[in-house]
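>>> predicted coordinates and the sequence they were generated for:
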Amino acid sequence: MTTDDETLKGTVALVTGASSGIGAATSGVLAAHGAAVAVVARRKDRLDAVADGIRERGGTVLVLEADMTDETQARSAVERTVAEFGRLDTLVNNAGVMLLGPAVNAPVSEWKQMVEINVLGLLYCAHAALPHLLRAAEDGPRHVADIVNISSVAGRIARTGNGVYSLTKHGVGAFSESLRQEVAKRYVRVSLVEPGATATELAGHNRPEVLESIRSQFGQTMDAEDIADAIAYIVTRPRHVAVNEILIRPTEQER
């Protein structure tokens, strides 16, 4: 897969939650900019389909079946990427789950699942990737590396029914900003992307009664490709430019 802009040629990206939605779209766009891409998720059949699409357009891709909530698997995904491609320049922490509904009588299992995927999974990947990203910033073709953490509008504003989801995304924002300050002068850029309503599978994991409520609230939505374009913009900036945060909503979304 090639475009007129091969800014990322010679670099390697790892995208979690890459079997569908924002992760799948981002993997394709990064490959189109010249990066070799490792796609990571639990659903290997879906990953294979994503990979086939990238290869058909001339891209280089590695399929990694892994559960990001398992620290050993998360670390292995990073190490296997580096073993296959020799380096890691970009990490997109996209894997996540959004389980909404009232806190009263909520299944605690849903809260635990969100913390494990949205927070711990992201931390496992970031921790494992940082030594490689720091090395890439020193000796890579672009002399800069990127971590892009996918948050949400809920990482800015907590609303009724999204308490724990919002908690996890606020946490992602806090970690991202602290890490950004820590590694900024070593040219590892840490960016936060906060999508509003986007047409992906994310909402579909909710209980039927919650899903019906969500559907009644959603109006205009963005496509996964809209968010992927924002991520590509972030990681293709020149070395001296860091896009720290992007909040992106459908035009008609008010909150």
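Okay, I see it. Just so it is clear, the model here is predicted, and its values are computed rather than measured. Residues are numbered from 1 along each chain as shown.

>>> those helices in the stretch 51-200 of the chain, which residues are they?
Using DSSP state H, counting those that start in this stretch, the helices of the stretch 51-200 of the chain run over residues 71-85, 108-114, 122-139, 163-183.

>>> and these: which comes nearest residue 156?
Closest approach to residue 156 among the helices of the stretch 51-200 of the chain (Cβ to Cβ): helix 163-183, 7.7 Å. The C-beta positions use only the backbone N, C-alpha and C, and glycine is treated the same way.

>>> that closest one to helix 122-139, inter-axis angle?
20 degrees (axes from the mean of the first three to the mean of the last three Cα atoms, to 10 degrees).

>>> mind checking how far helix 163-183 is from the chain centre?
Here the centre of helix 163-183 is set off from its chain's centre by 13 Å, with Cα atoms, centre = their mean, to the nearest Å.

>>> other residues contacting that helix?
With contact meaning Cβ atoms under 8 Å, 6 or more residues apart in numbering, helix 163-183 is reached by 96, 98-100, 103, 106, 110-111, 114-115, 118-119, 122-123, 126, 130, 134, 147, 149-152, 154-159, 189-192, 194, 242, 244.

>>> report the buried members of those residues.
When the contacts of helix 163-183 are checked for burial by 16 or more other Cβ atoms under 10 Å, the buried set is 96, 98-100, 106, 110-111, 114-115, 118-119, 122-123, 126, 130, 147, 149-152, 154-156, 189-192, 194, 242.

>>> stretch 170-187: which residues count as buried?
Buried residues in stretch 170-187, counted by 16+ other Cβ under 10 Å: 170-173, 175-176, 179-180, 183, 187.

>>> for that stretch, list the C-alpha coordinates in PDB.
The C-alpha trace of stretch 170-187 is given here as PDB (Å, rounded to 0.1, in the frame of the first residue of the first chain):
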ATOM      1  CA  HIS A 170      -9.700  10.500  32.300                       C
ATOM      2  CA  GLY A 171      -6.900   8.200  33.600                       C
ATOM      3  CA  VAL A 172      -5.600   7.700  30.000                       C
ATOM      4  CA  GLY A 173      -5.500  11.500  29.600                       C
ATOM      5  CA  ALA A 174      -3.600  12.000  32.900                       C
ATOM      6  CA  PHE A 175      -1.100   9.300  32.100                       C
ATOM      7  CA  SER A 176      -0.500  10.600  28.600                       C
ATOM      8  CA  GLU A 177       0.200  14.100  29.800                       C
ATOM      9  CA  SER A 178       2.600  13.000  32.500                       C
ATOM     10  CA  LEU A 179       4.400  10.700  30.100                       C
ATOM     11  CA  ARG A 180       4.500  13.400  27.500                       C
ATOM     12  CA  GLN A 181       6.400  15.700  29.800                       C
ATOM     13  CA  GLU A 182       8.800  12.900  30.800                       C
ATOM     14  CA  VAL A 183       9.900  12.000  27.300                       C
ATOM     15  CA  ALA A 184       9.400  15.200  25.300                       C
ATOM     16  CA  LYS A 185      13.000  16.200  25.200                       C
ATOM     17  CA  ARG A 186      13.900  12.700  24.100                       C
ATOM     18  CA  TYR A 187      11.700  13.100  21.100                       C
END
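
>>> surely residue 226 is in a strand?
No - with DSSP: H, G, I helix; E, B strand; the rest coil as the criterion, residue 226 is located in helix rather than a strand.

>>> that concludes my questions; thank you for your assistance.
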